[in-house]
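Novice: sequence first, then the predicted structure:
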Amino acid sequence: MGAIEGIWFRTATMEDVPALNTLIDASVRGLQTGDYTAAEIEGAVGGVLSLDSQLIKDGTYFVAETEDRFVAGCGGWSYRTTLCGGDQTVGRELVGGCGAGVEDEGSRLDPAVDAAKIRGIYVHPSWARMGLGSLILAYCEGKAMEAGFTRMEMGSTLTGVPLYRLRGYRETERMRMPLPNGEGLEVVRMVKSV
């Protein structure tokens, strides 16, 4: 995947959290409306579809920003078992590892047998359909491969599935994430070997 003029990547820091939360909120509310109901989106914002700060602490979450430091996108990868979700996700044990939480070093994945988890890719609506999602995905995969992983796995929203299929991922399972407002959010487990 090539570069997009005017976009640079850097490792996210805890100081980025407010800007990342603003980006994620705008991304979810602006880009997920065709695949989820308003109630599902409302229940997912700030929970299932939110930032997992453990990725920032691990140094595996990245910011895609413009020359003037506008956060156009973000995404990461993980060597931990959590498949998807954010700091406030509920019910992770019910859906095969979705959701964020405190994970100890014993939860580290082994690159020889496990798949790295591609996590939390979001693009600002003003940068949608310009190739930024693909660029972030490729960047995250590259970082996971540098750590020795040859297989990737993710929990995708319905909106992301077409992009990830184009990038070589295949669907293995559909899950329904419980939301605090009583709704559920369909998430698709996808895998790829690189």
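Specialist: Thanks, I have the structure now. Numbers count the residues shown, from 1 in each chain.

Novice: C-alpha from now on. contacts and neighbour counts both.
Specialist: Will do.

Novice: what residue ranges in this structure score low on pLDDT?
Specialist: Along the chain, segments meeting pLDDT under 70 span 1-2, 89-106.

Novice: nearest residue to the most centrally placed residue in it other than its sequence neighbours?
Specialist: The residue lying closest to the centre of the chain (Cα atoms, centre = their mean) is residue 120, at 1.5 Å. Leaving aside its sequence neighbours, residue 120 sits nearest to residue 75 (Cα to Cα, 6 or more residues apart in numbering; 5.0 Å).

Novice: that neighbour should be in a helix, yeah?
Specialist: No - if the criterion is DSSP: H, G, I helix; E, B strand; the rest coil, then residue 75 is strand and not within a helix.

Novice: in which helix or strand does residue 29 reside?
Specialist: For residue 29, the host element (DSSP states H and E) is helix 17-31.

Novice: same question for that helix: list its buried residues.
Specialist: In terms of neighbour count (16 or more other Cα atoms under 10 Å), helix 17-31 has its buried residues at 20, 23, 24, 25, 26, 27, 28, 29, 31.

Novice: so who does the residue lying closest to residue 123 once chain neighbours are set aside touch?
Specialist: Closest residue to residue 123 apart from its sequence neighbours, by Cα to Cα, 6+ apart: residue 73 at 4.2 Å. Contacts for residue 73 (Cα atoms under 8 Å, 6 or more residues apart in numbering) come out as 23, 63, 64, 65, 121, 122, 123, 124, 127, 132, 133, 136.

Novice: same question, residue 171
Specialist: Neighbours of residue 171 in contact, by Cα under 8 Å, 6+ apart: 188, 189, 190, 191.

Novice: go again using 6 Å as the cut-off
Specialist: Counting by Cα atoms under 6 Å, 6 or more residues apart in numbering, residue 171 touches 189, 190.

Novice: is it true that it lies in a strand?
Specialist: Yes - per three-state DSSP, residue 171 lies within a strand segment.

Novice: tell me the secondary structure at the most far-flung residue of the chain relative to its centre.
Specialist: Distance from the C-alpha centroid of the chain peaks at residue 68, with 23.9 Å (Cα atoms, centre = their mean). Of the three states, residue 68 takes coil according to three-state DSSP.

Novice: from residue 180, how far off is it?
Specialist: According to Cα to Cα, to the nearest Å, residue 68 and residue 180 sit 37 Å apart.

Novice: could you do residue 145 as well?
Specialist: Distance, residue 145 to residue 180, using Cα to Cα: 35 Å.
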